[in-house]
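In: generate coordinates for the sequence data below:
(chains A and B, ligands or ions: 1)
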Amino acid sequence: MAATPAAATQATAASSRALLSGNEAISRAVWESGVAVAAGYPGTPATEMLETLATFPDLYVEWSVNEKVSLEVAIGASMAGSRSFCAMKHVGMNVASDALMTLTLTGANGGLVIAVADDVGLSSSQNEQDSRYWGRFAHLPVFEPSDSQEAYQMAKAAYLLSEEYQVPVLLRLTTRICHVKGMVNIGERVPHEAAGFAKNARRWVMVPGHAKERLPLMFEREQTLRSVSEESPFNFVTEGSDSRIGFVASGPVWMHVRETFPDAPLFKLGFSCPVPLEKIRAFAATVDRLLVVEETEPLVEMELKAAGIACLGKDVLPKIGELAPEILRPAVARLFGETLPEPALKPAKVFPRPPTMCVACPHLGVYYTLAQLKNVTVAGDIGCYTLGAGHPWNALDSTISMGASMGVALGLDKGRGASDRDRKIVAVIGDSTFMHMGMQGLLDITYNRGNVTVLLLDNRTVGMTGGQDNPASGRDIHGLGSPRVDFAKLCEALGVAPERIRKVDPYQLPVLFKALREETKIPGPSVIITDRPCVLIDDYESLKPYTVISDKCTGCGNCVDIGCPAIHVNRREKVVKPSGKEVELQFVDIETAACTGCGLCLQPCAPDAIVAAVPVHTINFVKKL
Amino acid sequence: MNTKTTNILVVGIGGQGVMTATEILAEAAISLGHDVKKTEVAGMAQRGGVVSSHLRFGAKVLSPQISPGEADLIVGFEAAETLRWIHYLRPGGLVLMNTARLVPPVVSGGLYDYPEDPVAEIRAQGIEVYAFDAMAIALELGDVRLGNTVMLGAIADHLPFPADVLLDSILRRFRTRKPEMVDVNASAFASGRAAVVHSEQTPQRHGAGCEAVLT
Ligand SMILES: Cc1ncc(C[n+]2csc(CCOP(=O)(O)OP(=O)(O)O)c2C)c(N)n1
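Out: Model (predicted):
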């Protein structure tokens, strides 16, 4: 989802009400707080925070190459006395956590706020994890907004808290905050003067001796913050007439609980770490039973129980996914031994619609080719090309974390058993993922003499998250020219022999096939770089579309194996071959309006049934599928 | 103002303009002073995945999510997608849907079947449906991208506010972004409205959809 450059998010509109997503609301608050430096790496659902900030004047905004670097940039700016901001998706914090865990010792100078967006419900991530743990692990305060308006207010309050206690503040978001739009009262930017850097090794140089001095300060700070949380206006009670059950809720679920149980007493947990135990203890005394509603882990529940506050939680509610009203209602009904009426309409049975690669995507040819190779294991990575694990290619064997294809491939090579002796190991990785965490893995492969062929799919953008610029596009977050990375030189510098680095046009299937076959046969590391742009970015040029001459189509189905969504099977027919084998023929046509003429499908077409077409209408939106 | 919250569920697939359409509906509701919340789950929308956009408005909206059985109106941009979400409709709710069938590779590749007649399947459950071919209407007007405005025109007489309020919020967008597109969008809106009025598949009963919660 791209950020809406609506007038409401522009710097000009002030002191008015606007319909903003949580991401836009936070960006607005960050800008109004006089933040000087904002850094991040794309990742759903966090991406639009940086995208929106990039539309504002008077602050420095960057796409960093990974989340750890982005946090370090924010730390540097804070050291300089500026207010800084950093945004990432939940898994990004795993990458940034090395910096985070020591940042908590130095603390912040200029206000430093880190927004971490959890993908509760897994709409587009490799795992589901609860970032509120970082508050406990790093002894940092956590704010959890329940909608856009609160996200805006909390982001502003976070800067005040950060500076008052010299502490970085975590804003814990979920998809249901980031991507929900609601009305927000917005204001004006108040500039914030950078205090300037003050040299102080005991504060900023975390060697053991200095860190030992800072550790007790960190725990003292946590104690202080606990009393601040007890008094915080973000933690409050909404009275209710039916005290048979009271709820403690944070984040978007607070809204669901209010909506679903309007008569129940409800404790709103906004400043959620450190938990305001005494305030909750007092609330618990006013209700018969207490139910903690939290996404996703039983974190607050465990802390309440440890403090001797009896409560229900994950014994009643799931630990997985969103706690939407339709989950809460029956769970609470069961608690009271009630049953809810059956819903009037049952869900219909409809085919799944898994995400597909785009028409003419340069990754299509790569997976078509990988699917043809025998005796090969493909260590995959994270990006659009992860879709190669699906229909019709089934040509990707692992996805773990960003950059993991490199190490996993090396491990597959080094750990191979006798039955895999002749197995070829291929790693597939996108440009952004390579720069994020893949480069180190490739260095590990060359250093340790691994037998791995790396397919580096350089489509000059961060495709999966919506086409952000990066060092492979040669443009910064504002679209302005910046140095473009030279992958061939980079791989050579990392130790790959120059003759084992090839650049290949992924639309030339025979060339791609030959390169892959040759490189996988020779021992030692090699890199094949594909160099065609993503079809969704401006660098891509559409060519004349193709069509199928129906009379010539023999139904061989070779073109279907490309997996291009513009190719449709219009008829199937079972025939028995002279060999006695039964095969299913697939007769096709091409959705000419969607076709951009990449020419992949005509290459395997045996009867030359695919020819240039005269375009009828350009269907813009279908092209994007 | 009515205190009851209106729930509109807009569904389709990535790239069809579902989210923009909902955004425009939201702007119309805001222009009348409603509190509004809008949410969607569209993780991989750009890759042809399923998109559902929830719009809730009224005096004060808390949760942004519409629960199954609670939508006053379902606006379907694609036939099978409308069927997929049909259990979100409240009893007595209304469905307005595009009959366009967008077949994904898993269907054309033979792994799954496309439902034979989604409109009939929905009607068979006693649900009121207006069905029309928004894509064909847009193509007639010369640009398939107008499909979005045709859809909005088609639902315009079934909202808890006058059609002109919706038309205004559409044209306001174009006036600031693409003034040359104002007129053609106004006619797309009119064609959408007319398509529903003249639809052969007009439901027998009237007064469904949001009207029930409006007055
Ligand atoms: C640690 C982490 N940060 C961010 C993401 C979100 N994310 C998913 S894929 C991807 C990068 C995709 O870009 P690229 O590797 O260039 O491949 P493409 O999608 O363009 O084919 C990102 C940033 C993630 N999954 N994990």
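In: helices of chain B, start to end?
Out: Here chain B has its helices, by DSSP state H, at B:18-31, B:79-84, B:105-108, B:118-123, B:134-140, B:147-155, B:163-177, B:182-197, B:211-214.
In: what residue of chain B is the furthest out?
Out: B:Gly110 (29.2 Å; Cα atoms, centre = their mean).
In: quick one: that one and A:Val569 touch, right?
Out: Yes: between B:Gly110 and A:Val569 there is a contact under Cβ atoms under 8 Å: 6.5 Å. Where you see a C-beta, it was placed from the backbone N, CA and C, and this is true even at glycine.
In: what do those two both touch?
Out: The contact sets of B:Gly110 and A:Val569 overlap at A:Gln586 (Cβ atoms under 8 Å, 6 or more residues apart in numbering or on different chains).
In: for stretch A:360-369, buried residues please.
Out: A:360-369 (16 or more other Cβ atoms under 10 Å in any protein chain shown).
In: how much space separates A:Gln603 from A:Ile114?
Out: 48 Å (Cβ to Cβ, to the nearest Å).
In: so for those two, which sits in the more crowded spot?
Out: When A:Gln603 and A:Ile114 are compared for neighbours, A:Ile114 comes out ahead with 29 against 16, by other Cβ atoms under 10 Å in any protein chain shown.
In: who are the packing partners of the helix or strand containing that one?
Out: Assessed by DSSP states H and E, A:Ile114 sits inside strand A:112-118. Using 3 or more Cβ pairs under 8 Å, 6 or more residues apart in numbering or on different chains; DSSP states H and E, the elements in contact with strand A:112-118 are helix A:67-79, strand A:84-89, helix A:90-106, helix A:148-164, strand A:169-174, helix A:175-178.
In: so is the last one next to chain B?
Out: Same thing as helix A:175-178. Yes: with Cβ under 8 Å from any Cβ of the partner chain as the criterion, chain B is reached by helix A:175-178 at A:175-176.
In: for that helix, name the packing helices and strands.
Out: Using 3+ Cβ pairs under 8 Å, 6+ apart, helix A:175-178 is in contact with helix A:22-32, strand A:112-118.
In: show me what contacts whichever residue of the stretch 201-350 of chain A sits closest to the ligand?
Out: Proximity of the stretch 201-350 of chain A to the ligand (Cβ to the nearest ligand atom) peaks at A:Thr296, 17.7 Å away. Applying Cβ under 8 Å, 6+ apart, we find A:Thr296 in contact with A:118, A:120, A:128-130, A:319-321.
In: quick one: stretch A:536-544 near chain B?
Out: Yes: using Cβ under 8 Å from any Cβ, stretch A:536-544 reaches chain B at A:Leu536.
In: residues of that stretch that come out buried?
Out: For stretch A:536-544, by 16+ other Cβ under 10 Å, it's A:536-537, A:540.
In: so which of the helices and strands packed on strand A:112-118 is the most surrounded?
Out: strand A:84-89 (a mean of 31; mean count of other Cβ atoms under 10 Å in any protein chain shown).
In: can you spell out which helices and strands pack onto that one?
Out: strand A:37-40, helix A:48-53, helix A:67-79, helix A:90-106, strand A:112-118.
In: for B:Arg177, which of these is the nearest?
Out: If you check each of the helices and strands packed on strand A:84-89 against B:Arg177 by Cβ to Cβ, helix A:48-53 wins as the nearest, at 17.8 Å.
In: check what contacts that closest one and list those residues.
Out: A:1-3, A:9, A:21, A:23-24, A:26-28, A:30-31, A:38-40, A:42, A:59, A:61, A:63, A:85, A:87, A:115, A:178, A:468, A:477.
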